[in-house]
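*Asks:* Sequence and predicted structure, then a few things I'm wondering about:
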Amino acid sequence: MAEIEYRLPQKRELVTSIPGPKSQSLAERRAQTVAAGVASSLPVFADELDGGVIKDVDGNQMVDLGSGIAVTSVGASNPKVVARVQDAVAKFTHTCFMVTPYEDYVAVGEKMAQLTPGSFDKRTALFTSGSEAVENAVKIARVRTKRQAVVVFDHAYHGRTNLTMAMTAKVMPYKQGFGPFANEVYRVPMSYPFRDPEGMTGTEAAKRALTMVEKQVGAENVAAVVIEPIQGEGGFIVPAEGFLPALSSWCRENGAVFVADEVQAGIARTGAWFASEHEGVEPDLVTFAKGIAGGMPLSGVVGRAEIMDAVHPGGLGGTYGGNPVACAAALGALEAIEEWDLVARAQEIEKVIREELGSVAESSPVVGDLRGRGAMIALEFVKPGTTEPNPDAAKQIAARCLEQGVAILTCGTYGNIVRLLPPLVIDMDLLRDALGVFAAAIQEVGA
Ligand SMILES: *Cc1c(COP(=O)(O)O)cnc(C)c1O
């Protein structure tokens with residue numbers, strides 16, 4: 001395993017209570033300034049981040065088990081990203097690719113064509129946010145198929161713009177009061193092994209979903225089936241084996257575009273470059289964002305050339321889409337993933353998490369399920385002896401971790417899931433230390 005060098009000492013160290021006095025005074029200014037609708041999970045303000053450490057303004061060093069929601073996989077100040085950004089930003093900050101093109105945009109497209117599943121001819125378009133990438137995948141699929149219907153799944157998360165809110169399942173907080181939503185979006189059941197009938201296979205779950213599509217939407221009306229190969233915000237739900245291949249085959253047979261929303265699960269996060277690979281699926285289109293550029297805002301759609309190129313010139317774009325500094329950052333981040341073999345590190349992280357949490361997950365009455373792949377692992381909390389969601393347990397555990405300097409995030413339709421998304425460059429001893437705190441918190445709350 002590659003030796004990774006860090007700027008900050010990779011250790012957990014609290015010098016004040018959480019939040020400390022400086023964070024508290026910033027929180028007061030924030031409350032007078034920042035819109036209440038923009039909430040934060042952590043009460044501390046960031047000063048510096050490196051590797052697996054978040055250093056706050058009071059000098060506390062927290063362990064980062066969230067990566068800013070799966071974004072800073074290579075770390076939040078990766079030297080390769082920093083160097084490329086500094087170099088790029090000193091040359092030009094912006095031209096608008098739709099006005100004056102530049103090489104790094106093309107280079108990112110070449111990398112994505114090479115890294116995504118499938119050896120067919122591909123094209124790429126770059127944007128700024130994950131939501132925008134998903135919207136554009138739908139636009140492209142509609143032009144290509146001359147159809148309108150978009151099929152999405154229970155527990156899905158696809159973003160916060162109007163179309164992607166319609167595609168997102170959970171109403172609170174993402175959709176509440178923000179309608180009316182875009183039409184021609186149809187939701188069908190996800191394969192959710194922990195909550196599906198005992199023994200339901202991926203093929204059966206796909207049949208359940210696709211029969212609904214055929215009866216309620218009509219196969220000939222479907223432009224795209226859009227799915228996260230491992231769901232993110234919805235609770236790190238890994239569909240049963242066979243589910244994704246069945247959906248992909250159905251799309252091929254029925255002339256619909258199969259879109260894998262890899263915004264959260266993609267870019268080495270799950271111990272493969274893309275989560276679709278775990279099931280040998282070659283999506284027609286892949287959306288990517290979060291992990292691509294070491295924290296700089298960049299997203300995109302990559303996929304079959306004949307689908308991508310169906311759109312007329314000028315039909316895709318945006319002022320900032322594929323910003324040159326963000327593209328430079330992406331090339332640095334992708335280089336870091338390759339050189340340090342972060343795909344293998346994601347697999348190693350899964351091993352460490354399962355080692356450290358396996359027995360507490362087995363024995364604690366409040367843990368219903370431990371699931372996920374690579375550095376995308378979650379625990380689902382339940383009321384003892386049932387499968388009834390237990391969001392209070394998840395919240396209490398996250399709060400206990402925070403008090404002790406371990407930053408973890410919750411998620412899920414029922415809010416009862418704690419998700420682990422450490423930077424892929426996290427030091428393994430630091431990871432074990434943080435997981436020890438987490439395991440103790442589970443034990444205490446479950447007792
Ligand atoms: C985060 C996320 C999005 C939205 O990305 P933004 O950059 O927040 O717009 C879309 N799809 C998935 C799967 C995500 O996890």
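*Replies:* Cool, got the structure.
*Asks:* Quick check: next helix or strand after the helix or strand hosting residue 30?
*Replies:* Using DSSP states H and E, residue 30 sits in helix 21-31. The helix or strand immediately downstream of helix 21-31 is strand 46-50, counting by DSSP H and E.
*Asks:* May I have the strands that pair with that following strand, each with its orientation?
*Replies:* strand 53-56 (antiparallel) (DSSP bridges).
*Asks:* just how off-centre is the partner strand within its chain?
*Replies:* 21 Å (CA atoms, centre = their mean, to the nearest Å).
*Asks:* helices or strands up against the helix or strand just after it?
*Replies:* Per DSSP H and E, strand 53-56 leads on to strand 61-64 as the next helix or strand towards the C-terminus. Applying 3 or more CB pairs under 8 Å, 6 or more residues apart in numbering; DSSP states H and E, one finds that strand 61-64 contacts strand 53-56, strand 406-407, helix 428-446. Backbone N, C-alpha and C define where each C-beta goes, glycine included.
*Asks:* Buried deepest among the ones you listed, which one?
*Replies:* For these, average neighbour numbers computed from mean count of other CB atoms under 10 Å are highest in strand 53-56, which has a mean of 24.
*Asks:* residues from the stretch 151-300 of the chain in reach of the ligand?
*Replies:* 157, 158, 159, 228, 232, 233, 261, 263, 264, 289 (CB under 6 Å from any ligand atom).
*Asks:* List just the nearest of the residues you listed to residue 271.
*Replies:* Checking these against residue 271 by CB to CB gives residue 264 as the nearest, at 14.2 Å.
*Asks:* isn't the closest one right next to residue 228, touching?
*Replies:* Yes: using CB atoms under 8 Å, residue 264 is in contact with residue 228, at 6.7 Å.
*Asks:* what residues do those two have in common as contacts?
*Replies:* Common contacts of residue 264 and residue 228 (CB atoms under 8 Å, 6 or more residues apart in numbering): residue 157.
*Asks:* Isn't residue 371 up against residue 380?
*Replies:* Yes: counting by CB under 8 Å, residue 380 is a contact partner of residue 371 at 7.3 Å.
*Asks:* List the residues that contact the residue nearest the centre of the chain.
*Replies:* Nearest to the mean C-alpha position of the chain, counting by CA atoms, centre = their mean, stands residue 264 at 1.7 Å. Residue 264 sits next to 69, 70, 130, 157, 228, 230, 232, 233, 290, 376 when contact means CB under 8 Å, 6+ apart.
*Asks:* one more time with 6 Å
*Replies:* For residue 264, the contact set (CB atoms under 6 Å, 6 or more residues apart in numbering) comprises 70, 232, 290.
*Asks:* quick one: which of the residues you listed is nearest to residue 323?
*Replies:* Distances from residue 323 to those, taken by CB to CB, are shortest for residue 290, at 16.0 Å.
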